[in-house]
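Undergrad: Kindly return the folded structure for what I paste below:
(2 chains)
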2 protein chains.
Amino acid sequence: MTTSADTEPPGRKRADARRNIAAILDAAQECLVADPDANISEIAKRAGVGRVTLYGHFPSRADLIDAVFTRAVTESDHILDAVDIDGDPGQALGRLVAASWKIIDQFRALLLAAQNHIPSERIRAAHDRPLRRVRRIIENGRSAGVFRDDLPVSWMVAVYHSVTHTAATEISAGRLTDRNAATLITTTLLAAYAPQPTP
Amino acid sequence: MTTSADTEPPGRKRADARRNIAAILDAAQECLVADPDANISEIAKRAGVGRVTLYGHFPSRADLIDAVFTRAVTESDHILDAVDIDGDPGQALGRLVAASWKIIDQFRALLLAAQNHIPSERIRAAHDRPLRRVRRIIENGRSAGVFRDDLPVSWMVAVYHSVTHTAATEISAGRLTDRNAATLITTTLLAAYAPQPTP
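TA: Now for the predicted structure:
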């Protein structure tokens, strides 16, 4: 079959596809941040593409949410490069939580969409890079004797991931207001990480 | 349209439907506990019903997982009635975590299937009844001055839910072995709940 599209130079087709994908991801992020239940027609319309084009690039709603979510986490990871994670480990943890919380709170609806459509292990895997900062702070704190060393480091990292994301879920469910969320997260983690008195 | 089924007395049809639903839920639970990715054909086969019958009762895989999961949580809640949640709040928390962990560990694959297919708020809502025990222990501990009272009770309950389920996710991901999971959970929660020294 020969269509007019087939006569276009391949470079032009690839450039069109790249532009469409970028437009779809931008539109999906805008729609999902506003409403975790935003539907595909809405997203295609905002991206200025047809549903067929959208499904051509992202076969399912879950694929699209996965792509938007992974991109948002990657971009957020770059923003977190600005956080000083050295010096006093407790204060470093506080700085990292505060900066991370700003991002999580901004993307709360997108996180909710991800939690509802992407396997939890995929969400965790998307955070492997950002979580290396948490690991670094925990290891520094253990070396300095200000964090406990009787729990596995990987468990302490998991608790950080879990407690920060729980705050987002609690706010979405209306059980928590976001005013003090960062303080609440830091307070809880510092207590969980503190060296325990020997009985 | 008149089929032989239409000529059966309505009571008999209802009894058949009830039996089918029970068989589907039992089969789904067995299949999902063995493999969180168990497919519908497998489940229908084990239940001894056709796919059309299964989809007649549960329009989507998510609906079926939701029903199996909710039933498992409800049954587990009855098992937890046997746990003594009074007396020393720290010890009561340890007993509740130990008993809950046995159940979570047994249903770990089902929990994973639920996390991947049901909105996180649905999972949390299914736990509203079991979590009332956690709230009671936290309130007792605050009254007795052995748990901190500078964090919202609802937040402390959310941290319990989140930390126990994180242990299951960590084991499924191969980052944690289940031998010490209950101790790890209790240790983490008791530290997070402990009254903090005034600075």
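Undergrad: got the phi/psi numbers for residue A:59?
TA: phi -60, psi -30 (degrees, to the nearest 10).
Undergrad: On the pLDDT front, check it for me.
TA: What the model reports as pLDDT for residue A:59 is 95.
Undergrad: ok, residue A:110 touching residue A:30?
TA: No. Under the criterion of Cβ atoms under 8 Å, residue A:110 makes no contact with residue A:30, lying 10.0 Å away. Where C-beta positions appear, they are placed from N, C-alpha and C, glycine not excepted.
Undergrad: So which of these two has more stuff around it?
TA: residue A:110 (24 against 15; other Cβ atoms under 10 Å in any protein chain shown).
Undergrad: Who's the closest spatial neighbour of the more buried one, skipping the chain neighbours?
TA: In space, residue A:110 comes closest to residue A:32 once its chain neighbours are excluded; the distance is 4.8 Å by Cβ to Cβ, 6 or more residues apart in numbering or on different chains.
Undergrad: How about the secondary structure of the one you found?
TA: helix (DSSP: H, G, I helix; E, B strand; the rest coil).
Undergrad: My guess is it contacts residue A:109. True?
TA: Yes. Counting by Cβ under 8 Å, residue A:32 touches residue A:109, with 6.2 Å between them.
Undergrad: who's more crowded, the two?
TA: Counted by other Cβ under 10 Å, residue A:32 and residue A:109 do not tie: residue A:32 has more neighbours, with 25 against 18.
Undergrad: The helix or strand harbouring residue A:165 and chain B, any residue contact?
TA: Here residue A:165 sits within helix A:153-172, counting by DSSP states H and E. Yes. Using Cβ under 8 Å from any Cβ of the partner chain, we find that helix A:153-172 touches chain B at A:154-155, A:158-159, A:161-163, A:165-166, A:169-170, A:172.
Undergrad: mind listing what residue A:98 touches?
TA: Contacts for residue A:98 (Cβ atoms under 8 Å, 6 or more residues apart in numbering or on different chains) come out as A:182, A:186.
Undergrad: pLDDT score for it?
TA: Per-residue confidence (pLDDT) for residue A:98: 96.
Undergrad: ok, now how distant is it from chain B?
TA: Noted for residue A:98: a distance of 17 Å to chain B, by Cβ to the nearest Cβ, to the nearest Å.
Undergrad: roughly how far out does the helix or strand that contains that residue sit from the chain middle?
TA: Here residue A:98 sits within helix A:89-106, counting by DSSP H and E. Relative to the chain's own centre, helix A:89-106 is displaced by 13 Å; criterion: Cα atoms, centre = their mean, to the nearest Å.
Undergrad: Which neighbouring elements make contact with whichever helix or strand comes after that helix?
TA: Later in the chain than helix A:89-106, the nearest helix or strand by DSSP H and E is helix A:108-117. Under the contact criterion of 3 or more Cβ pairs under 8 Å, 6 or more residues apart in numbering or on different chains; DSSP states H and E, helix A:108-117 touches helix A:10-34, helix A:61-79, helix A:153-172, helix B:120-126.
Undergrad: Make a markdown table out of these and add distance to residue B:84.
TA: Output for the helices and strands packed on helix A:108-117, formatted as a markdown table (distance: least, Cβ to Cβ, whole Å):
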| stretch | distance to residue B:84 |
| --- | --- |
| helix A:10-34 | 46 |
| helix A:61-79 | 43 |
| helix A:153-172 | 27 |
| helix B:120-126 | 24 |
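Undergrad: Among those helices, show me which one is buried the most.
TA: Each of the helices and strands packed on helix A:108-117 was scored by mean neighbour count; the highest is helix A:153-172, a mean of 22, by mean count of other Cβ atoms under 10 Å in any protein chain shown.
Undergrad: who does that one touch, helix- and strand-wise?
TA: Counting contacts by 3+ Cβ pairs under 8 Å, 6+ apart, helix A:153-172 is packed against helix A:89-106, helix A:108-117, helix A:128-143, helix A:181-193, helix B:120-126, helix B:153-172, helix B:181-193.
Undergrad: Tell me which of these sits nearest to residue B:56.
TA: helix B:120-126 (22.3 Å; Cβ to Cβ).
Undergrad: touching chain A at all, that closest one?
TA: Yes. Against chain A, helix B:120-126 shows contacts by Cβ under 8 Å from any Cβ at B:120-121, B:124.
Undergrad: which sections of chain A are below the confidence cut-off?
TA: A:1-8, A:199 (pLDDT under 70).
Undergrad: one more time with 50, if that's ok
TA: A:1-4 (pLDDT under 50).
Undergrad: interface residues of it facing chain B?
TA: Residues of chain A lying near chain B (Cβ under 8 Å from any Cβ): A:112, A:115-116, A:118-121, A:124, A:148, A:150-152, A:154-155, A:158-159, A:161-163, A:165-166, A:169-170, A:172-173, A:175-176, A:184, A:187-188, A:191-194, A:196.
Undergrad: gap between residue A:49 and residue A:58?
TA: Remark: distance between residue A:49 and residue A:58 (Cβ to Cβ, to the nearest Å) = 11 Å.
Undergrad: list the residues that contact both of these two?
TA: By Cβ under 8 Å, 6+ apart, the residues touching both residue A:49 and residue A:58 are residue A:24.
Undergrad: Mind putting the helices and strands packed on helix A:153-172 into a markdown table with distance to residue B:13?
TA: Output for the helices and strands packed on helix A:153-172, formatted as a markdown table (distance: least, Cβ to Cβ, whole Å):
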| stretch | distance to residue B:13 |
| --- | --- |
| helix A:89-106 | 51 |
| helix A:108-117 | 35 |
| helix A:128-143 | 53 |
| helix A:181-193 | 52 |
| helix B:120-126 | 30 |
| helix B:153-172 | 40 |
| helix B:181-193 | 46 |
